[in-house]
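**Q** from the sequence below, what's the structure:
(chains A and B)
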Amino acid sequence: MKNLLILGAGSAGTMMANHLNDKLPKDWKITIVDQSEKHYYQPGFLFLPFGIYEEKDCFKRQKKYIPDTVKYIQKGIEIIMPEKHQVRLEGNEVLKYDLLIIATGSRIAPEEVEGMKGAEWRKSVFDFYTFEGSKALRKKLESFDGGKLVVHITEMPIKCPVAPLEFAFLADWYFRERGIRDQVDITYVTPLDGAFTKPTAANTLGHLLEDKGIKIVPDFAIASVNNNEKKIVSWDEIEVPFDLLVTIPTNMGDDVILRSGMGDDLNFIPTKKHTLQSESYEDVFVLGDATNLPTSKAGSVAHFEAEVLTENILRYIKGEALKEDFDGHANCFVETGYHKAMLIDFNYDQEPVPGVFPFNGIGPMKLLEENRMNHWGKLAFRWVYWNMLMKGKKIPFISPKMSYSGKKINKEEQSTKEEVLN
Amino acid sequence: METIIANRPVELNEQGYLLNMDQWDKEIARSIAAEEDIELTDRHFEILDYLRTEQEKGTALSIRRVGKSGVVDIKEFYQLFPNGPLKKASRIAGIPKPASCI
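**A** The predicted structure is shown next:
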């Protein structure tokens, strides 16, 4: 028997197990390893603090989503030894593989910034990228009666780069509903030169922040959190005071990647952009947040990667050339509050632009424009996630490669905007 | 577009970054730095050399990487090239604008 080993049973690893389970040749068996008993629905961490979701909406039992014919091991991973084609788990168990898929994701690393995990951590300094952080923030918001709310990104890349914007939009709505919006001063602090990484969307989202009375502090590279005086300080000594700091700490790949010496300076694994094969080892493939690919770290990206990677793994096993099919496609809902959302659809080469999705001339979703349909799409997505994506079912009409049809692409306009923003 | 910097013809992109790092020399660096109100010292040049060497190796540069390089810490990097040091230093070093983050 030959062994295909998957490390990580989050979105990416679980999808791969389901995609490959009935497609591999008969002499292959699949093993998947993950230390967590729970599979978290991470988009829920955005909704939990505002009481839109409850705790129970944010996770299910991991095992439920792993096919019975796949061997599931709930253990921590000690080290990957790619030269020996082996992985050692906690308790010294060693697994040999013929093919390895790494889907160990990313984690927040607040310890990377001086003072971030200081005396005020989870008192007035919060994250919402973990279940614990999101839960704690909900309690804090309930008792927050006014003052300076600072929503902050430490450094790029981060998982789901629209989430901090969504948090700011939802906070505006939340405090308005509570009737205290005029007592809450919301500031959005980012290391980027605008509201988003790509110019057209940065422009649209920047205006939206302005319309909602949210101030933006761009080009802010944080040096430290001052816990005594409750302010964040940049390397060029700009200070932003806060009563409540909601920060997105540095995102890094899993520590096992560091221990195995397989990552870059953020523990992300150098991966071939279009095939998802590791840059260094031909029997190692990488997908999801664990890669160093220049696209968003998002569930939709993992989903599109999983379809391309499934094909490539079958080709690799047959000794055929890999398909260079992954184009960096990402598709993200952006909740903007008041039962509305935007949708953005983009890839390595095409930034998000206005238009309709998925059908040219019809929609019904709108790209880079707020509407209610998009919001219902985002809410329906939780069902789609558990019942289609995790089970490896294709979503009708949405292909792994980004479609240019339905998008309003104006090259000239784009380059002018780029200039303005830079 | 082609333009003249420090009496030398160079190709720039629309954001003012050199298209060909081999067209760079110290006079061009001084000239671009002057546009940014920076007067280059030997210390500046040490960092520009480091950036150019890394660029030649194909390294994806980031502030974090520069800060951990042992060549300069982030605080000094900001003092030498205020307001967006990596973007400014890259332009002065004649290398492409660091790939924007995702």
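**Q** contacts and neighbour counts: CA atoms only from here.
**A** OK.
**Q** so how far is B:E27 from the spatially closest residue to A:K391 that is not a sequence neighbour?
**A** Excluding the flanking residues, the one nearest A:K391 by C-alpha to C-alpha, 6 or more residues apart in numbering or on different chains is A:N18, at 5.6 Å. Look at A:N18 and B:E27: by C-alpha to C-alpha, to the nearest Å, they are 60 Å apart.
**Q** who has more neighbours, those two?
**A** Set A:N18 next to B:E27 and count neighbours by other C-alpha atoms under 10 Å in any protein chain shown: A:N18 wins out with 21 against 13.
**Q** strands of chain B, residue ranges please.
**A** B:2-5, B:8-11 (DSSP state E).
**Q** then the stretch 251-400 of chain A?
**A** Here the stretch 251-400 of chain A has its strands, by DSSP state E, counting those that start in this stretch, at A:251-253, A:284-286, A:330-337, A:340-346, A:355-359, A:363-367.
**Q** each with direction, which strands does the longest one pair with?
**A** Read that as strand A:330-337. Take DSSP bridges as the rule and strand A:330-337 pairs in its sheet with strand A:340-346 (antiparallel).
**Q** which residues touch the partner strand?
**A** Strand A:340-346 is contacted by residues A:328-336, A:351-353, A:365-375, A:378, A:402 when judged by C-alpha atoms under 8 Å, 6 or more residues apart in numbering or on different chains.
**Q** rerun at 7 Å
**A** With C-alpha atoms under 7 Å, 6 or more residues apart in numbering or on different chains as the test, strand A:340-346 has contacts from A:329-335, A:352, A:366-372, A:374-375, A:402.
**Q** just the buried ones from those, in PyMOL syntax?
**A** Per 16 or more other C-alpha atoms under 10 Å in any protein chain shown, the buried members of the contacts of strand A:340-346 correspond to this PyMOL selection:
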select buried, chain A and resi 329+330+331+332+333+334+335+352+366+367+368+369+370+371+372+374+375+402
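**Q** thinking again about what came up before, got the strands of the stretch 251-400 of chain A as a markdown table, with mean pLDDT columns?
**A** As requested, those are exported to a markdown table (pLDDT from 0 to 100):
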| stretch | mean pLDDT |
| --- | --- |
| strand A:251-253 | 97 |
| strand A:284-286 | 98 |
| strand A:330-337 | 95 |
| strand A:340-346 | 95 |
| strand A:355-359 | 93 |
| strand A:363-367 | 90 |
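**Q** which one of those strands lies nearest to A:K96?
**A** The closest of the strands of the stretch 251-400 of chain A to A:K96 is strand A:284-286. By C-alpha to C-alpha, the value is 12.7 Å.
**Q** what helices or strands is that closest one leaning on?
**A** Helices and strands touching strand A:284-286, as assessed by 3 or more C-alpha pairs under 7 Å, 6 or more residues apart in numbering or on different chains; DSSP states H and E, comprise strand A:99-102.
**Q** which other helices and strands does the strand it packs on contact?
**A** Helices and strands touching strand A:99-102, by 3+ C-alpha pairs under 7 Å, 6+ apart, are strand A:2-7, strand A:284-286.
**Q** ok, residue 82 - how many residues close by?
**A** Going with chain A. Neighbour tally, A:P82, other C-alpha under 10 Å: 18.
**Q** meant chain B, my bad for not saying
**A** Neighbours around B:P82, by other C-alpha under 10 Å: 18.
**Q** and it, how close does it get to A:D236?
**A** B:P82 is 7 Å from A:D236, by C-alpha to C-alpha.
**Q** same check, this time on A:M16
**A** Relative to A:D236, and taking C-alpha to C-alpha, A:M16 is found at 45 Å.
**Q** between the two, which is the more surrounded one?
**A** A:M16 (27 against 21).
**Q** how far away is the more buried one from A:A302?
**A** When A:M16 is compared with A:A302 (using C-alpha to C-alpha), they lie 10 Å apart.
**Q** try A:V184
**A** Distance from A:V184 to A:A302, counting by C-alpha to C-alpha: 37 Å.
**Q** same question for A:S11.
**A** A:S11 sits at a distance of 7 Å from A:A302 (criterion: C-alpha to C-alpha).
**Q** how many neighbours does A:L48 have?
**A** Neighbours around A:L48, by other C-alpha under 10 Å: 22.
**Q** cool, A:V284 as well?
**A** Residues near A:V284, counting by other C-alpha under 10 Å: 21.
**Q** name the nearest residue to it, sequence neighbours excluded.
**A** A:L100 (4.8 Å).
**Q** close enough to count as contact, that neighbour and A:E282?
**A** No - applying C-alpha atoms under 7 Å, one finds A:L100 not in contact with A:E282, separated by 9.5 Å.
**Q** of these two, who's got more company?
**A** The neighbour count for A:L100 versus A:E282, taken as other C-alpha under 10 Å, is higher for A:L100 (27 against 12).
**Q** what's the more buried one in contact with, if anything?
**A** With contact set as C-alpha under 7 Å, 6+ apart, A:L100 has these partners: A:4-6, A:283-285.
**Q** and the two most separated of those residues?
**A** Farthest-apart pair in the contacts of A:L100 is A:I6 and A:D283; separation 12.1 Å (C-alpha to C-alpha).
**Q** which intervals of the chain have sub-threshold pLDDT?
**A** As the question left the chain open, I've gone with chain A. For chain A, applying pLDDT under 70 flags the ranges A:411-422.
**Q** my bad, chain B
**A** Within chain B, the stretches with pLDDT under 70 are B:99-102.
**Q** doesn't A:L367 make contact with A:T200?
**A** No - between A:T200 and A:L367 there is no contact under C-alpha under 7 Å: 11.6 Å.
**Q** list residues touching both of those two?
**A** Joint contacts of A:T200 and A:L367 (C-alpha under 7 Å, 6+ apart) are A:V353.
**Q** what sits against the spatially most central residue of chain B?
**A** When C-alpha atoms, centre = their mean is applied to chain B, the residue found nearest the centroid is B:S90 (2.5 Å). Taking C-alpha under 7 Å, 6+ apart, we find B:S90 in contact with B:96-97.
**Q** now A:A103, nearest residue through space, not along the chain?
**A** A:G8 (5.0 Å).
**Q** and the one you found, how far from chain B?
**A** 23 Å (C-alpha to the nearest C-alpha, to the nearest Å).
**Q** quick one: residues contacting that residue.
**A** With contact set as C-alpha under 7 Å, 6+ apart, A:G8 has these partners: A:32-34, A:102-104.
**Q** gap between it and B:E39?
**A** For A:G8, the distance to B:E39 equals 51 Å [C-alpha to C-alpha].
**Q** also B:Y50?
**A** With distances taken as C-alpha to C-alpha, B:Y50 is found 18 Å from B:E39.
**Q** can you list the strands of the stretch 251-400 of chain A in JSON lines and add distance to A:R138?
**A** Listed next are those as JSON lines, based on distance: least, C-alpha to C-alpha, whole Å:
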{"stretch": "strand A:251-253", "distance to A:R138": "22"}
{"stretch": "strand A:284-286", "distance to A:R138": "34"}
{"stretch": "strand A:330-337", "distance to A:R138": "17"}
{"stretch": "strand A:340-346", "distance to A:R138": "21"}
{"stretch": "strand A:355-359", "distance to A:R138": "33"}
{"stretch": "strand A:363-367", "distance to A:R138": "30"}
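**Q** surely A:T31 is within a strand?
**A** Yes - using DSSP: H, G, I helix; E, B strand; the rest coil, the assignment for A:T31 is a strand.
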